[in-house]
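A.B. asks: Quick one: sequence and predicted model below, then my questions.
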Amino acid sequence: MVGALATRLDGLPRGWVLAIGLVLTLAIAVLDYVTGPRILLNIFYLLPVMLVAWATASTGYGLIVAAASCLVTPVEALLSGLRLDSLPVSLWNGLVRLAVFSIVLYLMQNGRILTARLQEQALTDELTGLANRRAFREVAAREIERSRRFDHELSVAYVDIDDFKATNDRLGHEAGDRMLIALASLALATARSVDTVARLGGDEFVIIMPETGAGAALPLVTRLREAFPRVARVGDSTTTCSIGLASFVHAPDSVDDLVAAADALMYEAKAAGKDKVRHAVASADSRSAAQGRLLSFSPASRA
């Protein structure tokens, strides 16, 4: 319940959220005073505290509301003429409420940090620190939708290390891991801040370049291919990579179509002798074919 309300308040400035929390606390206090001591409403004071802390992602704002709820007890005692509790007792009860609410806020903060870490781990490749397959698909789906809405070009590069399995078997998994990390670091350094670099698994990497056509995408992946043998040397072994680059005048219908086009071009680079870039531009009237076939490319557009 609190999470759903907090989600609705996410777009508001923090000051507005704090004001709403204080108004809710005042409303509960008025109801508490009217109903008297026979109906306990103490637990309801926690709701605006949690709401504000969650919506603002700030324990400090939650503490402000908690402190306001702490003052309710002595104020009610004064308004009732101290008939039920003395002022010291009401102050003590208010401080106990503040202590309990502070513990709840502390637990909420730790829960928020843990949730953020788990979400990050779920979207991050453990070895390279890049986005993983799941994260890539989420980004790619957004970029496809954005590209289709605003009629922007879109490019995606599929990168695969040549003979990785043989190198991994010959030199060991530790050397193979270093090679993967080297490619990840190089791809991040080569890509622009608006691009997303992801590891799909094994030695397969992908770079999605929003609002980017062939003119900007091809030099970028060419630099990546040329630099990789220098950064991925293991002993006296030289390693290369093959890259398939698909540029779309109009974005395809799905993430699978997007990846399949670049993947097919990467296999063309492998078949042509490896350590190459194969690039194609989807023509303006290209559409994804049925039965999972690749997007059609004009032969003249291949490089």
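C.D. replies: Structure's in. What do you need?
A.B. asks: does residue 127 really touch residue 178, like I thought?
C.D. replies: No. Judged on C-beta atoms under 8 Å, residue 127 makes no contact with residue 178 at a distance of 10.2 Å. (Each C-beta comes from the backbone N, C-alpha and C, glycine too.)
A.B. asks: if you count what's nearby, which of those two comes out ahead?
C.D. replies: The neighbour comparison of residue 127 against residue 178 (other C-beta atoms under 10 Å) goes to residue 178, with 15 against 11.
A.B. asks: what about the closest residue to residue 274 other than its chain neighbours, neighbour count?
C.D. replies: Among residues not flanking residue 274 along the chain, residue 162 sits closest, at 4.3 Å (C-beta to C-beta, 6 or more residues apart in numbering). The number of residues packed around residue 162, counting by other C-beta under 10 Å, is 19.
A.B. asks: Numbering from 857 from now on, please.
C.D. replies: Sounds good: first residue 857 from here, last item residue 1018.
A.B. asks: which residues touch residue 1018?
C.D. replies: By C-beta atoms under 8 Å, 6 or more residues apart in numbering, the contact set of residue 1018 is 1095-1098, 1126, 1130-1131.
A.B. asks: Check residue 1041 too.
C.D. replies: residue 1087.
A.B. asks: For residue 985, see how far away it is.
C.D. replies: Going from residue 1041 to residue 985 by C-beta to C-beta, to the nearest Å gives 9 Å.
A.B. asks: any common contacting residues for those two?
C.D. replies: Residues touching both residue 1041 and residue 985 (C-beta under 8 Å, 6+ apart): there are none.
A.B. asks: circling back: look up phi and psi at the residue nearest to residue 1130.
C.D. replies: Residue 1018 adopts backbone torsions of phi -70, psi 130, taken as degrees, to the nearest 10.
A.B. asks: and the closest residue in space to residue 1011 that isn't next to it in sequence, helix, strand or coil?
C.D. replies: Spatial nearest neighbour of residue 1011, excluding adjacent residues (C-beta to C-beta, 6+ apart): residue 1073 at 3.8 Å. Following DSSP: H, G, I helix; E, B strand; the rest coil, we place residue 1073 in the helix state.
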